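*Asks:* Sequence and predicted structure are below.
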Amino acid sequence: MTTIFEQFSDKELIDKINDEPAMFEILIRRNNAALYKTGRSYGYNHEDTQDLMQETFVSAYISLGKFENRSSLRTWLVRIMLNNCFQRRQKFSYKNEISDEIHENSIPMFENQQDTNGKILNRELGTVVEKALITLPLDYRMVFSLREMNGLSVAETAESLNISDSNVKVRLNRAKAMLRQEIEKWYTAEEIFEFNLIYCDAMVNRVMTVIKQINK
């Protein structure tokens with residue numbers, strides 16, 4: 001069954017947001033996971049990624065009239081997120097070095113109904129997956145994130161990163177080769193850096209609060 005979050009095309013959704021700003025919530029919920037995975041893959045921790053997501057959504061709302069529908073709305077948002085990630089790293093280059101540390105308050109990457117031992121195993125392997133991805137060079141890591149974790153097409157990934165289609169394919173193949181074989185056997189790309197519902201709701205509230213202030 002199609003939900004309200006899936007039934008509108010990009011253009012239809014933008015038209016509805018222009019008439020009723022509260023509809024921006026749909027855009028947030030559609031793209032929360034994609035932006036979260038982008039920020040985490042860039043090397044930011046959970047808290048910094050959430051700040052970057054809020055900044056990206058608010059910027060998108062303000063600039064919504066500039067969206068020309070030449071690419072997907074998700075690709076456009078990812079490009080804004082990538083620019084924000086880059087700008088923050090340039091501004092706080094010494095504060096945002098990629099860390100091998102897994103923060104205690106990072107979100108659980110895997111949620112399932114397995115027994116306790118299974119959950120412990122998943123947490124341990126989830127840490128391995130996260131660390132393995134973070135060790136990849138940024139160029140390869142971002143291609144892997146956009147293609148395999150966010151589901152962007154080759155063309156959309158190329159547009160987001162301003163590289164050629166052939167470069168996307170080459171970098172993706174190299175990124176996959178760099179990941180250890182046992183990680184690929186245990187987990188699918190969609191399971192990595194998931195953005196759980198509790199955080200999705202919180203992000204909606206954060207962004208919509210700012211938007212309400214903008215519209216006053």
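*Replies:* Done, it's in. If you're wondering where the values come from, they're calculated on a predicted model, not measured in any experiment. Numbering: from 1, shown residues only.

*Asks:* Can you pull out the low-pLDDT segments for this protein?
*Replies:* Applying pLDDT under 70 to the chain flags residues 1-6, 93-129, 180-192.

*Asks:* quick one, helices of it?
*Replies:* Using DSSP state H, the helices of the chain run over 10-19, 24-42, 46-62, 73-91, 116-134, 138-144, 154-161, 165-178, 181-186, 197-214.

*Asks:* Please list the residues outside the last one that contact it.
*Replies:* Pointing back at helix 197-214 there. 21-22, 24-25, 28-29, 32-33, 36, 50, 53-54, 57-58, 61-62, 107 (CB atoms under 8 Å, 6 or more residues apart in numbering). To be clear about C-beta, it is placed using only N, CA and C from the backbone, and glycine gets the same treatment.

*Asks:* coming back round to it: tell me the most buried of the helices of the chain?
*Replies:* Comparing the helices of the chain on average neighbours per residue, with mean count of other CB atoms under 10 Å, the densest one is helix 24-42 at a mean of 23.

*Asks:* For W76, list the residues it contacts.
*Replies:* W76 neighbours (CB under 8 Å, 6+ apart): 60, 67.

*Asks:* Could you tell me which residues make contact with the most centrally placed residue in the chain?
*Replies:* Nearest to the geometric centre of the chain sits L35, at 2.5 Å (CA atoms, centre = their mean). Counting by CB under 8 Å, 6+ apart, L35 makes contact with 52-53, 56-57, 77-78, 81.

*Asks:* export those to JSON lines and tack on distance to S164?
*Replies:* Below are those laid out as JSON lines (distance: CB to CB, whole Å):
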{"residue": "L52", "distance to S164": "27"}
{"residue": "M53", "distance to S164": "28"}
{"residue": "T56", "distance to S164": "25"}
{"residue": "F57", "distance to S164": "29"}
{"residue": "L77", "distance to S164": "22"}
{"residue": "V78", "distance to S164": "18"}
{"residue": "M81", "distance to S164": "21"}
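
*Asks:* what's the closest of those to S166?
*Replies:* V78 (20.1 Å; CB to CB).

*Asks:* Touching, M81 and D51? I think so.
*Replies:* No - the pair M81 / D51 is not scored as a contact, 11.5 Å apart, by CB atoms under 8 Å.

*Asks:* Provide a list of residues in contact with T135.
*Replies:* Counting by CB under 8 Å, 6+ apart, T135 has contacts M178.

*Asks:* tell me the phi and psi of it?
*Replies:* Backbone torsions for T135, taken as degrees, to the nearest 10, come to phi -80, psi -20.

*Asks:* No further questions, thank you.
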